[in-house]
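Engineer: Provide a 3D model corresponding to the input given below.
(4 chains, ligands or ions: 2)
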Number of protein chains: 2
Amino acid sequence: MKLITRDTDYAIRALNYIVCNEGRTVSITEMVRELKTPKPFLRKILQLLGINGILKSYKGKNGGFMLAREPDKIFLLDLMKIFQGQFKISECIFKKDTCPNQQYCLLRTELESIEKMVLEKISAITLKSLKKN
Amino acid sequence: MKLITRDTDYAIRALNYIVCNEGRTVSITEMVRELKTPKPFLRKILQLLGINGILKSYKGKNGGFMLAREPDKIFLLDLMKIFQGQFKISECIFKKDTCPNQQYCLLRTELESIEKMVLEKISAITLKSLKKN
DNA sequence: TTATAATGATACATTAGTTGTGTCATTTGT
DNA sequence: ACAAATGACACAACTAATGTATCATTATAA
Ligand code: FES
Ligand code: FES
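Structural biologist: Ligands and ions are numbered 1, 2, ... in the order given. Reported below is the predicted structural model:
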């Protein structure tokens, strides 16, 4: 019953650190020092953020990462999609196959309604809106 | 990102079937026929429902299960607690240990707010309210 | 121009949670 | 006594989450 997994969380922390150091590249080595996350894991995460157009990456000495978009254009939902797949909490069971129980399913309507509600709320959250003042 | 696991779902289906046959004991053998769930798995689930006071069980020939409370006193939240543990979606990371990141955590407030919202909505759901008319 | 510090790509390993199965004991009605 | 049910509980398989490791490539600085 976890809405946010660890990679998404690490991603947010890393992005936040990058925001706080805008204007220069930030390396993984530096972030590991600061965020105390396992280095190879963080590497994988940042690479994915690069591939998905959240970060720009620079190879070579003094390389590192910078934001590829403004913080108010980076949505929590984007990150969740990258690391956890499409947001969905209403799939009772039988993910792929069309559920044989569907027409009798007592829960589906309720879950869909909850999902909609959460989605609405969560859609508003961006890296910028998360930032502490 | 699953709000309801399979055992909770099976539990609901089984309970619903029992409700539809109130006044007599319903055996696992019968429910398996009807619900097409794996028998040993359903047994485990029903046993847990018994232990947790949702069902009364009767051993021996012609034995089986009956509701231990009225359908409007059986909350979805009860079932989720039995099969999935205490409802909580705001624990970012580090379940047990007090989170070292807590004071800097950008997400916690947001998640707690979402959790509260969902909890409110989900608290209203009972076996009775789920029943199709 | 070479050593070094960075990311790219990608495969593998570990752990925890979900989803089951199987076995023997006990109870109860016929 | 037998058969049909649950009780207790250990074990197994599968999947998802979390984390590691390795080699290749690129860019800077000495
Ligand atoms: S169990 Fe498939 S739609 Fe509910
Ligand atoms: S990461 Fe621990 S409170 Fe948010």
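
Engineer: would you map the helices across chain A?
Structural biologist: Ranges of helices in chain A, per DSSP state H, are A:6-19, A:28-35, A:39-51, A:76-84, A:108-122, A:127-130.

Engineer: winner for burial among those helices?
Structural biologist: Highest mean neighbour count among the helices of chain A (mean count of other C-beta atoms under 10 Å in any protein chain shown): helix A:6-19, with a mean of 21. Bear in mind the C-beta positions are built from the backbone N, C-alpha and C, glycine included.

Engineer: and the residue of chain A closest to DNA strand D?
Structural biologist: A:Gly60 (2.1 Å; C-beta to the nearest atom of the strand).

Engineer: from the chain's centre, how far out does stretch A:20-29 sit?
Structural biologist: 19 Å (C-alpha atoms, centre = their mean, to the nearest Å).

Engineer: before we move on, what about stretch A:32-50?
Structural biologist: Taking mean C-alpha positions (C-alpha atoms, centre = their mean), stretch A:32-50 and its chain are 13 Å apart.

Engineer: for chain A, give me the ranges with low pLDDT.
Structural biologist: Scanning chain A with the threshold set as pLDDT under 70 gives A:93-98, A:133.

Engineer: which residues of chain A lie near ligand 2?
Structural biologist: A:Asp9 (C-beta under 6 Å from any ligand atom).

Engineer: which bits of chain A sit near DNA strand D?
Structural biologist: Neighbours of DNA strand D within chain A, by C-beta under 7 Å from any atom of the strand: A:2, A:5-7, A:38-41, A:43-44, A:58-63, A:84, A:95.

Engineer: which of the helices of chain A sits closest to B:Leu130?
Structural biologist: Comparing these against B:Leu130 with C-beta to C-beta, the closest turns out to be helix A:108-122 (7.3 Å).

Engineer: anything in that closest one near DNA strand C?
Structural biologist: No - using C-beta under 7 Å from any atom of the strand, helix A:108-122 stays clear of DNA strand C, coming no nearer than 14.3 Å.

Engineer: what does stretch A:80-90 give?
Structural biologist: No - using C-beta under 7 Å from any atom of the strand, stretch A:80-90 never reaches DNA strand C; the gap is at least 12.8 Å.

Engineer: circling back to that earlier point, got the helices of chain A as TSV, with distance to B:Leu127 columns?
Structural biologist: As requested, the helices of chain A are arranged in TSV below (distance: least, C-beta to C-beta, whole Å):
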stretch	distance to B:Leu127
helix A:6-19	34
helix A:28-35	45
helix A:39-51	42
helix A:76-84	31
helix A:108-122	12
helix A:127-130	39
